[in-house]
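Peer 1: This is the structure alone, sequence omitted:
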């Protein structure tokens with residue numbers, strides 16, 4: 001429930017069953033995972049949200065078409081206790097470029113128990129938006145809710161070391177004796193990797209990888225989905241010479257849209273992706 005504290009301030013809160021530090025990280029680092037997909041002013045559909053974790057950073061919506069919207073400035077960043085950002089949106093729901101006409105949103109994380117935290121959101125100084133600011137106050141009073149964040153937090157509980165199985169020294173020695181040599185390949189996209197022009201090549205590259213997995217030559221294949229130049233990670237069953245010969249025959253490598261680097265590694269036969 002969102003309350004009107006005074007004419008210019010609204011507030012809402014929720015309790016989440018996790019530590020304050022974990023709740024803080026989920027609220028900031030994972031903001032795009034819990035934020036309401038309908039609550040954006042970017043015209044294009046949202047591909048991702050970015051919370052820059054420092055004072056002077058921004059909250060940025062990234063559209064699927066490459067567009068972006070910087071709609072907030074980080075005013076305070078004090079993990080795991082508090083974060084404050086500006087609300088750089090005017091009463092017409094467009095970007096406000098004058099900082100003096102922007103309201104502020106403060107979120108506090110208060111430990112109630114080791115694994116129970118009160119998350120409180122206060123949207124204040126709404127009168128700074130100028131004529132018609134009351135409509136902004138009424139809109140955010142209806143719109144702010146932390147229930148989605150709470151639901152997301154329930155499914156993203158912090159890692160509990162006590163839940164790990166016990167591994168004895170004898171088990172470690174036995175497994176280390178079973179370790180086998182593999183070859184790790186890091187596949188990088190080059191300047192020639194321009195979509196959609198390379199899509200057909202990437203499709204054939206993927207088809208060949210599936211064949212190599214079925215043949216037992218690739219133990220693990222992991223396409224990388226961020227915006228870095230790293231395009232994929234592969235673990236080859238075998239030495240570097242065999243991995244090199246396989247990669248040199250890859251259609252993407254031959255076309256120059258990928259380059260690779262190889263590293264000898266050791267591992268245990270049998271681990272799988274869950």
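Peer 2: Perfect, I can see it now. Note that the structure is a prediction, hence the values are computed from the model and not measured.
Peer 1: Can you list the residue ranges for strands in the stretch 101-250 of the chain?
Peer 2: Secondary structure of the stretch 101-250 of the chain (DSSP state E, counting those that start in this stretch): strands at 103-113, 116-124, 180-189, 218-223, 230-236.
Peer 1: For residue 259, which of those strands is the nearest?
Peer 2: Among the strands of the stretch 101-250 of the chain, strand 180-189 comes nearest to residue 259, with 5.2 Å by C-beta to C-beta. (Each C-beta comes from the backbone N, C-alpha and C, glycine too.)
Peer 1: List the contacts of the spatially closest residue to residue 95 that is not a sequence neighbour.
Peer 2: Spatially, and ignoring its direct neighbours in sequence, residue 95 is nearest to residue 88 (6.0 Å; C-beta to C-beta, 6 or more residues apart in numbering). Contacts for residue 88 (C-beta atoms under 8 Å, 6 or more residues apart in numbering) come out as 70, 71, 72, 73, 95, 96, 97, 99, 102.
Peer 1: and the residues you listed, which are buried?
Peer 2: 71, 72, 73, 96, 102 (16 or more other C-beta atoms under 10 Å).
Peer 1: Show me the residue sitting in the middle of the protein in space.
Peer 2: Nearest residue to the geometric centre of the chain (C-alpha atoms, centre = their mean): residue 30, 5.3 Å.
Peer 1: Go ahead and confirm it touches residue 156.
Peer 2: Yes - with contact defined as C-beta atoms under 8 Å, residue 30 counts as touching residue 156 (7.3 Å).
Peer 1: before we move on, back to that, quick one: pLDDT of the residue nearest to the centre of the chain?
Peer 2: With respect to pLDDT, residue 30 scores 91.
Peer 1: what's the burial count for the nearest residue to residue 193 once chain neighbours are set aside?
Peer 2: Spatial nearest neighbour of residue 193, excluding adjacent residues (C-beta to C-beta, 6+ apart): residue 257 at 4.5 Å. By the criterion of other C-beta atoms under 10 Å, residue 257 has 23 neighbours.
Peer 1: again with the one 4 residues further on
Peer 2: By other C-beta under 10 Å, 9 other residues sit near residue 261.
Peer 1: which residues of the protein fall in helices?
Peer 2: Per DSSP state H, the chain carries helices over the ranges 20-29, 31-34, 133-143, 147-154, 169-177, 199-215, 240-248, 251-255.
Peer 1: so which of those gets nearest residue 232?
Peer 2: Across the helices of the chain, closest to residue 232 is helix 199-215 (C-beta to C-beta), at 8.3 Å.
Peer 1: buried ones in that closest one?
Peer 2: 201, 202, 205, 208, 209, 212.
Peer 1: what residues are up against the fifth one?
Peer 2: Contact criterion C-beta under 8 Å, 6+ apart gives 218, 221, 234 as the residues in contact with residue 209.
Peer 1: cutoff 7 Å now
Peer 2: 218, 221 (C-beta atoms under 7 Å, 6 or more residues apart in numbering).
Peer 1: Distance from stretch 88-97 to the middle of the chain?
Peer 2: Stretch 88-97 has its C-alpha centroid displaced from the chain centroid by 26 Å (C-alpha atoms, centre = their mean, to the nearest Å).
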